[in-house]
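Trainee: Can you look at this prediction? I've put the sequence above it.
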Amino acid sequence: MFMLNATNTGYAKNLVMPHKHFTLKQKIQWQKKIIKHDRWIIATRQVHTIAVTRFARHQLRWTQLELRRSLQQLSYSALDFGSPSGWPLHHKLWDCIGKYEGSPTSVNPNGHYGLLQMHWNWGYGIVGAASNYSKKDQELAAERGYAASNYNTSFLYDQWFNYDKAEGECLQYA
């Protein structure tokens, strides 16, 4: 990455993210840099043309929206790799529930699939049969669902039929 010296309007109005592949963190850094620059343009609008100021206002709104999406994506990805091993934060919980539900590739006649016996198109990263996904992918989907419920234990009861049998053992990991 290069350093920007936005001292004249001719150069500064061209501050846009280059067309390169960035990591999510690099993308967020660029978005913050663009927002800072656009705010500077708007704050010093007396020395800029109307077109430059108008462009900065529009770009500021768009970039702020994109930054919110990027930060949400970053927090979402933190759920996926919350532990040093790369397993979800509640890996022990999903392992415990899985002991009572199924195996990573099992398909039960009840229409539920995989380790955690998710229904078809369960969501949170599972499209189709959960048994088509690895144990880790199934756990990541369950983690996303659990996070979406604000880590409410009623989510566990609603999703897994055998959770009540496993409650005494598994609840300690919730």
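Mentor: In hand now; what should we look at? Numbering: from 1, shown residues only.

Trainee: switch to C-alpha atoms for all contacts and neighbour counts from now on
Mentor: Fine.

Trainee: three-state assignment of Lys136?
Mentor: What DSSP: H, G, I helix; E, B strand; the rest coil gives for Lys136 is helix.

Trainee: Quick check: chain neighbours aside, which residue is closest to it?
Mentor: Trp87 (6.7 Å; CA to CA, 6 or more residues apart in numbering).

Trainee: Which of the helices or strands spans Ala56?
Mentor: Assessed by DSSP states H and E, Ala56 sits inside helix 50-80.

Trainee: hmm, back to that, counting neighbours, what do you get for the residue nearest to Lys136?
Mentor: Trp87 is flanked by 19 other residues according to other CA atoms under 10 Å.

Trainee: before we move on, what about the one 3 residues further on?
Mentor: The number of residues packed around His90, counting by other CA under 10 Å, is 19.

Trainee: Next one: it from Gln64, what distance?
Mentor: Using CA to CA, to the nearest Å, we find His90 at a distance of 32 Å from Gln64.

Trainee: Same check on Lys99?
Mentor: Distance from Lys99 to Gln64, by CA to CA: 45 Å.

Trainee: Which other helices and strands does the helix or strand containing Gln29 contact?
Mentor: Secondary structure assignment for Gln29, by DSSP H and E: helix 24-43. Contacts defined by 3 or more CA pairs under 8 Å, 6 or more residues apart in numbering; DSSP states H and E place helix 24-43 against helix 50-80.

Trainee: what helices or strands is the helix or strand that the helix it packs on is followed by leaning on?
Mentor: For helix 50-80, the succeeding helix or strand toward the C-terminus, using DSSP H and E, is helix 91-101. Secondary-structure packing of helix 91-101 (3+ CA pairs under 8 Å, 6+ apart): helix 135-148, helix 163-170.

Trainee: sorry, back to before: what's the pLDDT at the residue nearest to Lys136?
Mentor: Among the per-residue scores, Trp87 shows a pLDDT of 75.

Trainee: what do you get for Asp164?
Mentor: With respect to pLDDT, Asp164 scores 61.

Trainee: Please state the mean pLDDT value computed over stretch 32-50.
Mentor: Mean predicted confidence for stretch 32-50 is 93.

Trainee: quick one: the residue nearest to Lys136 and Asp137 touch, right?
Mentor: No. In this structure, Trp87 is not within contact of Asp137 by CA atoms under 8 Å, at 9.3 Å.
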